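1. Build me a model from this:
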Amino acid sequence: MTRPAGMWTAGCGTTAASISNMKIVLSLLLIIAVLVAGAMFLQPPPGEVRQMEGMPWQVEPLEDGSARVFGLTLGRDNLGEARTVLGPDMELAIVARGKETGSLEMYYNYFSTGSLSGKLVLVGAMDDATLLMLREHSGAPKYLDSGARKYHLQTADLALGYRAPVQGITFIPVARIDEEIALKRFGPPQETLRMDDETLHLLYPQLGLDLIINPGGRDVLQYVAPRDFARLRTPLLQQQARPPEAAQPPPQ
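-> Numbering: from 1, shown residues only. As a prediction, this is how the structure comes out:
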């Protein structure tokens, strides 16, 4: 029996409309989720949340020139202690870019604190000789989309990796941050640097924080011990002082 074409047309139209409506609803829900997350940076939290610890703006400078953030003391706590505080759902590896020896990084693909979420990367302090040894033990690296190489630590080397002190922390939130939100949560920066790519660096040396507002990508919060803040600031000044590349002649 031949089914009338009109029945097929009507059914397909209804299905297409339902799919379209579903996509609109999902898009709206995603936008609402991002707005709510951003509001957490700007709006004062309710009474019961005011006692919450571990928020990105809760940075406690210490007398020894270090600082405490996300429940960790930079330069004092090691990666193993950080894993106990933040949870075991992480990845420990050496990440190398170009000809660099690399750095020991503990990576949380999904990190949440309060109602905020994002990615969290902890860098462990480790000398080049030890990094090279761990790289050799790990075997062939995995190549990331950025071109960087990732060397996973062997099981026998994990204990050594976990003993590395936390040298720096990078938090990449889902919520967008603008200057108004930054001023609300962190106060006025001591210095503001605008780079050629339009990223804005709000520098808080007393907190060991470089807050990066990136109109074309993800915003980033980088933390080091305040006594080590030159590690963040000096490369930015060098980048600003570098003359722009000479314009390439048009192809003939």
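2. what's Q190 in contact with, if anything?
-> Counting by Cβ atoms under 8 Å, 6 or more residues apart in numbering, Q190 touches L203, Y204, P205, Q206. Every C-beta, even on glycine, is put in place using the N, C-alpha and C of the backbone.
3. Go through the residues you listed and flag which are in strands.
-> L203, Y204 (DSSP state E).
4. now the strands for the protein?
-> Using DSSP E, strands in the chain cover 60-61, 67-69, 72-73, 91-96, 103-113, 116-124, 142-143, 149-152, 166-173, 191-194, 200-204, 209-213, 220-224.
5. Dump those strands to JSON lines, plus mean neighbour count and mean pLDDT.
-> Formatted as JSON lines, the strands of the chain follow (neighbours: other Cβ atoms under 10 Å; pLDDT from 0 to 100):
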{"stretch": "strand 60-61", "mean neighbour count": "14", "mean pLDDT": "97"}
{"stretch": "strand 67-69", "mean neighbour count": "22", "mean pLDDT": "97"}
{"stretch": "strand 72-73", "mean neighbour count": "20", "mean pLDDT": "98"}
{"stretch": "strand 91-96", "mean neighbour count": "20", "mean pLDDT": "97"}
{"stretch": "strand 103-113", "mean neighbour count": "18", "mean pLDDT": "96"}
{"stretch": "strand 116-124", "mean neighbour count": "21", "mean pLDDT": "96"}
{"stretch": "strand 142-143", "mean neighbour count": "11", "mean pLDDT": "94"}
{"stretch": "strand 149-152", "mean neighbour count": "18", "mean pLDDT": "96"}
{"stretch": "strand 166-173", "mean neighbour count": "21", "mean pLDDT": "97"}
{"stretch": "strand 191-194", "mean neighbour count": "14", "mean pLDDT": "96"}
{"stretch": "strand 200-204", "mean neighbour count": "20", "mean pLDDT": "97"}
{"stretch": "strand 209-213", "mean neighbour count": "23", "mean pLDDT": "97"}
{"stretch": "strand 220-224", "mean neighbour count": "23", "mean pLDDT": "98"}
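6. Export the ones you listed to CSV and append columns for distance to L232.
-> CSV is the format used below for those (distance: least, Cβ to Cβ, whole Å):
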stretch, distance to L232
strand 60-61, 15
strand 67-69, 13
strand 72-73, 17
strand 91-96, 18
strand 103-113, 14
strand 116-124, 12
strand 142-143, 27
strand 149-152, 23
strand 166-173, 8
strand 191-194, 11
strand 200-204, 8
strand 209-213, 5
strand 220-224, 6
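7. So which of the contacts of Q190 is the closest to L86?
-> Comparing the contacts of Q190 against L86 with Cβ to Cβ places Y204 closest, at 22.5 Å.
8. for the protein, which spans come out with low pLDDT?
-> Applying pLDDT under 70 to the chain flags the ranges 1-52, 244-252.
9. Show residues contacting stretch 162-171.
-> 56, 69-70, 72-80, 82-83, 92, 104, 111, 118-126, 220-224, 228, 231.
10. what's around T101, how many residues?
-> A count of nearby residues for T101, using other Cβ atoms under 10 Å, gives 14.
11. May I have the residues that are in contact with it?
-> D128, L131, L132, R135.
12. One more: A67?
-> V59, E60, P61, T73, L74, L207, G208, Y223, A225, P226 are the contacts of A67 under Cβ under 8 Å, 6+ apart.
13. what sits against the last one?
-> Meaning P226. With Cβ under 8 Å, 6+ apart, P226 has these contacts: P61, G65, S66, A67, P205, Q206, L207, G208.
14. From those residues, pick the one nearest L160.
-> For the contacts of P226, the residue nearest L160 by Cβ to Cβ is S66; the value is 22.8 Å.
15. Which residue, neighbours along the chain excluded, lies closest to the residue nearest the centre of the chain?
-> The residue lying closest to the centre of the chain (Cα atoms, centre = their mean) is I172, at 2.7 Å. Residue nearest to I172 in three dimensions, not counting chain neighbours: K119, with 4.4 Å by Cβ to Cβ, 6 or more residues apart in numbering.
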